[in-house]
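1. Coordinates for the following, if possible.
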Amino acid sequence: MSLQRLRYRPRRPFWQLPQHRLPVLSLYKTLLRLSKIFPNDIHRKYLYFAIREKFRSRRYETSVASTIKHLKEAQECRLTLQKALEGDKESFQHIDDLAWGRKGRLKQVLEVLKKKKWKKRQKIHKLVYDTRNVQSRMIDPHRVYRVPLDPRLYKPPRVRFFRKKRRPKKKHKWREGLVKYTVVTQLGYRLQRIRGWRQPTWISMMMNKRIRQHQKRIDRYQELEYYLEMVKGEKLMLKTLNPKLGKEMEGFDILILQEMKDSKKFYENMMKREKHAKLDGSV
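-> Residues are numbered from 1 along each chain as shown. The predicted structure is shown next:
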């Protein structure tokens, strides 16, 4: 089924149909495979980035006529690559000129880099790191989709970045009437508190959140204990009825025991940290 017939089917857009997706994806994969066969490294890099960029920039195409036109261009590109690999000098020279910046997009980029007087070197580096046009950068701004310029074509001048000097921290005066004291919670946490001022909301919410988390852990541990007792009771009952059924129940409590062990380990580590903090404070 051709794309010309798909324009008369408005129920489902043509780009969602397999009759469109299969030829596009097969062409894309074929072009990438052919680009990997080229012996020169600079040819392989240029072809890979160019093919990927062309297909990505046209992925939002919804016109049937322009889609057919782009597919024909891709088929012509495939024929050119095949001719170049078979030994056609004209096709190979065309690809070589494109890769080395003697024509095409790279030629325009090199002319801009060499002719224009740059006031800031960072702008040169931005153009060298990504040679795509402005529209492609806006559509795919992530660095994964960048098309870098080969260093054999142009080496940008070095840029020296100076670190910004950090401002000195302000020393806040200790207000009169404030008293610092230590509070030990039921779970063993030691908190430094200040008497004589209103506690900020974010500190109250932080403490509330920690209490809720610990309560959830305790509730979960009690729930696991209940499940473990239930599994053991069921296993014992099946064993009394039939020893074979009791053997089939083996292994059901492994995950429960493992989770209980992890919970115990968490609280043991927490208490160790608190003990070390006490020792450090006493020293």
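2. Run through the strands of this protein in chain order.
-> For the chain, the strands defined by DSSP state E cover 179-184, 190-195.
3. Can you tell me which helices and strands the last one packs against?
-> The one in question is strand 190-195. If you count contacts as 3 or more C-beta pairs under 8 Å, 6 or more residues apart in numbering; DSSP states H and E, strand 190-195 packs onto strand 179-184, helix 254-282. For every residue, glycine as well, the C-beta is placed using N, CA and C.
4. Try it again at 7 Å.
-> Judged by 3 or more C-beta pairs under 7 Å, 6 or more residues apart in numbering; DSSP states H and E, strand 190-195 is in contact with strand 179-184.
5. chain center to the strand it packs on, what's the gap?
-> On the basis of C-alpha atoms, centre = their mean, to the nearest Å, strand 179-184 sits 44 Å off its chain's mean C-alpha point.
6. Go ahead and produce PDB holding the CA coordinates of that strand.
-> Only the C-alpha atoms of strand 179-184 are listed here, as PDB (Å, rounded to 0.1, in the frame of the first residue of the first chain):
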ATOM      1  CA  VAL A 179      19.800  29.000  75.800                       C
ATOM      2  CA  LYS A 180      21.100  26.000  73.900                       C
ATOM      3  CA  TYR A 181      20.200  22.600  75.300                       C
ATOM      4  CA  THR A 182      20.200  18.900  74.100                       C
ATOM      5  CA  VAL A 183      17.000  16.800  73.700                       C
ATOM      6  CA  VAL A 184      17.100  13.000  73.500                       C
END
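7. shouldn't Gln192 be in contact with Thr182?
-> Yes - if you go by C-beta atoms under 7 Å, Gln192 and Thr182 touch, sitting 6.0 Å apart.
8. re the thing from before, the strands of the chain into TSV, with extra columns for mean pLDDT, distance to Ala84 and mean neighbour count?
-> Below are the strands of the chain laid out as TSV (pLDDT from 0 to 100; distance: least, C-beta to C-beta, whole Å; neighbours: other C-beta atoms under 10 Å):
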stretch	mean pLDDT	distance to Ala84	mean neighbour count
strand 179-184	82	77	10
strand 190-195	78	73	10
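9. How much space separates Val109 from Asp140?
-> The gap separating Val109 from Asp140 is 18 Å, by C-beta to C-beta, to the nearest Å.
10. The two: which is more packed in?
-> Comparing Val109 with Asp140 by other C-beta atoms under 10 Å, the one with more neighbours is Val109, at 20 against 16.
11. nearest residue to the more buried one other than its sequence neighbours?
-> Excluding the flanking residues, the one nearest Val109 by C-beta to C-beta, 6 or more residues apart in numbering is Thr131, at 5.0 Å.
12. Good, we can wrap up now.
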